[in-house]
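> fold the following for me, if possible:
(one chain, ligands or ions: 2)
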Amino acid sequence: MLPVADALRLIRDALRPVPAEVVSLDQAWGRVLATDVEARLTHPPVAVSAMDGYAVRAADVATVPATLLVVGAAAAGQGIARALGPGEAVRILTGAPVPDGADAIVIQEDAELEGNHVTFRVAPKLGRFIRPAGLDFKMGDRLLKTGQALGARDVALCAAMNVPWLTVRRRPRVAVLATGSELRMPGEPLDGSRIVNSNSFLVASAVRALGGEPIALGIAADEEASLRAAFEAAAGADLLITLGGASVGDRDLVRPVLEQEGGTVIFQNLAMRPGKPTLFGRLGPLPVLGLPGNPVSVGVSAVVFLKPMLAALAGLDGAFDQEETTLLGRDLPGNDGRQDYLRSTLALDASGNRVATPYPQQDSAMLRLLAAADCLVIRPPHAPPAHAGEPVPILRFDTAGPAV
Ligand SMILES: Nc1nc2c(c(=O)[nH]1)N[C@H]1C(S)=C(S)[C@@H](COP(=O)(O)OP(=O)(O)OC[C@H]3O[C@@H](n4cnc5c(N)ncnc54)[C@H](O)[C@@H]3O)O[C@H]1N2
Ligand code: MOO
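Numbers count the residues shown, from 1 in each chain. Ligands and ions are numbered 1, 2, ... in the order given. Alright, predicted model coming up:
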């Protein structure tokens, strides 16, 4: 049985980022940059006022009260044509260009206007409330980097940098194939001991949440011809995920058919629970992840494998380090040789610490607890008994994308 960390390394070594495409800003959220992004302007382009008030020469207001002549008004995007002379002030609004000659802004709360004269009772410091040109960024500054996923703030920054188009990785296309003659699609008539296909929906939804594009290949029967046809339909995808038929039973055909078709198996059988029969291989250029059929194995694999795989296909930096640490909410017995992923709730204790509490029942077929869980507590192979209050590694379900 291969340790999970080794499996992740083999997966990382086998995956390459998908090609890039150009998208407009309104399609950019959640995408991963395939080039650095440079500012196409300087922001602010000129010195501007940070407040509503009066632009002055600080030296004219060094002794207060001081009265100056108001010679014009400046608003955002609309400066005044002439420079400020001695004894002069300009009415100025937030964001307006500061007139030449002015070197401080006095806010209007500290000024008294009478006719076209303004009196100040507070002496401003040199440069007060003036944002110099380029305070935010300068033309040519590289503010966003290749491999970065774009959140809402990043998209806004690109817009402010006057960059309307971005070169990003196209969404990885993930073909999803359920296998099992017992399976029916939700809503189909069910007879006998048919099972409803839930796994395809979990994986397709997770692929979407992780920035990919799922391709639904439906259900293959437990027959070689059916699997073969489905494998052919996956050509052109960036990744094929098969669900079920991964174990050692007579009807577990994913591996035999993959090998018959000239594919290779890079690993199978992991020291993990659930998810032991997980397989990773290749069919020509197509990476193949074979997950066991148990719905909980699929849910766990979505976090443990799918997330880093989609990150690697999208060229996302640093996404293989997803573990966090929280405190354990209950005592746990010592572990055997498989790394356990325990469905757990996450809550704050009375002191404000985050606490992860595993459910007492962890059967691999119980989808209900998978859906209710907030995170997975990781129990490394041969971990000694753990006590409530100890720090433990966890994987969260709710940290898919770059969000805001
Ligand atoms: N002798 C052994 N038997 C088993 C071993 C083993 O090492 N030796 N491993 C066990 C482990 S661990 C797992 S996990 C399962 C995985 O088996 P398969 O990958 O072959 O999964 P299936 O048999 O196809 O299905 C298992 C279970 O899940 C249901 N299922 C399948 N697909 C779906 C779907 N798309 N949606 C919802 N539910 C699905 C299926 O009906 C079965 O109930 O093997 C153990 N056995
Ligand atoms: O590894 Mo299986 O997924 O334990 O249930």
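
> where does pLDDT dip in the stretch 201-350 of the chain?
Applying pLDDT under 70 to the stretch 201-350 of the chain flags the ranges 319-321.

> for the residue in it that ligand 1 sits nearest to, what are its contacts?
Nearest to ligand 1, among the residues of the stretch 201-350 of the chain, is residue 293, at 2.4 Å (Cβ to the nearest ligand atom). Every residue, glycine included, has its C-beta placed from N, CA and C. Contact analysis of residue 293 by Cβ atoms under 8 Å, 6 or more residues apart in numbering lists 179-180, 199, 243-246.

> just these now: which is nearest residue 9?
Lowest distance from residue 9 to these (Cβ to Cβ) belongs to residue 246, with 20.6 Å.

> which SSE is residue 265 in?
Secondary structure from DSSP states H and E places residue 265 in strand 264-268.

> that strand pairs with which strands?
strand 279-283 (antiparallel) (DSSP bridges).

> centre of the chain to the strand it pairs with, how far?
In terms of Cα atoms, centre = their mean, to the nearest Å, the centre of strand 279-283 is found 26 Å from the chain centre.

> domains in the chain, by residue range?
The record's domain parsing of the chain by automatic domain parsing lists 4-18+171-313, 20-41+138-169, 48-131, 324-396.

> show me what from the stretch 51-200 of the chain comes close to ligand 1.
Contact residues (Cβ under 6 Å from any ligand atom) of the stretch 51-200 of the chain with ligand 1: 178, 180, 182-183, 195, 197-200.

> what segments of the stretch 1-150 of the chain are strands?
Applying DSSP state E, counting those that start in this stretch to the stretch 1-150 of the chain gives strands spanning 20-24, 37-38, 48-49, 53-56, 66-74, 88-92, 104-107, 111-114, 117-120, 130-131, 142-144.

> okay if I get the ones you listed as TSV plus mean pLDDT and mean neighbour count?
Listed next are these as TSV, based on pLDDT from 0 to 100; neighbours: other Cβ atoms under 10 Å:
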stretch	mean pLDDT	mean neighbour count
strand 20-24	98	14
strand 37-38	98	18
strand 48-49	97	26
strand 53-56	98	28
strand 66-74	97	17
strand 88-92	98	25
strand 104-107	98	23
strand 111-114	97	14
strand 117-120	98	18
strand 130-131	98	20
strand 142-144	98	17
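
> residues in contact with the residue of the stretch 151-300 of the chain found nearest ligand 2?
Across the stretch 151-300 of the chain, the shortest distance to ligand 2 (Cβ to the nearest ligand atom) belongs to residue 274, at 3.0 Å. By Cβ under 8 Å, 6+ apart, residue 274 lies in contact with 292, 294, 296-297, 300, 341, 364.

> can you tell me which of the residues you listed are up against ligand 2?
Among those, ligand 2 is touched by 292, 294, 297, 364 when using Cβ under 6 Å from any ligand atom.

> now a ChimeraX select for only the buried ones of those.
Filtering the ones next to ligand 2 among the contacts of residue 274 down to the buried ones (16 or more other Cβ atoms under 10 Å) takes a single ChimeraX command:
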select :292,294,297,364
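
> which one of the ones next to ligand 2 among the contacts of residue 274 is nearest residue 74?
Proximity of these to residue 74 (Cβ to Cβ) peaks at residue 297, which lies at 65.6 Å.

> ok, that closest one touching residue 366?
No. Residue 297 is not in contact with residue 366 according to Cβ atoms under 8 Å; the separation is 11.6 Å.

> helix or strand: which one has residue 208?
helix 199-209.

> look at residue 156 and give its secondary structure.
At residue 156, secondary structure determined by DSSP: H, G, I helix; E, B strand; the rest coil is helix.

> any idea how far it lies from residue 221?
According to Cβ to Cβ, to the nearest Å, residue 156 stands 50 Å off from residue 221.

> between those two, which is the more surrounded one?
residue 221 (17 against 12; other Cβ atoms under 10 Å).

> so what's that one closest to, chain neighbours aside?
Closest residue to residue 221 apart from its sequence neighbours, by Cβ to Cβ, 6 or more residues apart in numbering: residue 181 at 4.5 Å.

> got the buried residues for the strand holding residue 265?
266, 268.

> quick check, that strand touching ligand 2?
No. Applying Cβ under 6 Å from any ligand atom, one finds strand 264-268 separated from ligand 2 by no less than 11.9 Å.

> list the contacts for residue 102?
For residue 102, the contacting residues are 55-57, 84, 90, 130, by Cβ under 8 Å, 6+ apart.

> brain fart, residue 200
The contact partners of residue 200, taken as Cβ under 8 Å, 6+ apart, are 176-178, 216, 218-219, 243.

> got a winner among those for most neighbours?
Neighbour counts for those peak at residue 243, which has 30 neighbours (criterion: other Cβ under 10 Å).

> tell me the contacts of that residue?
Residue 243 neighbours (Cβ under 8 Å, 6+ apart): 176-179, 199-200, 203, 291, 293, 298.

> how about a cut-off of 7 Å?
Counting by Cβ atoms under 7 Å, 6 or more residues apart in numbering, residue 243 makes contact with 177-179, 199-200, 203, 291, 293, 298.

> the helix holding residue 208: what's the following helix or strand?
Following helix 199-209 in sequence order, the next helix or strand is strand 213-220 (DSSP H and E).

> residues from the protein in reach of ligand 2?
Applying Cβ under 6 Å from any ligand atom, we find that the chain lies next to ligand 2 at 273-276, 292, 294, 297, 364.
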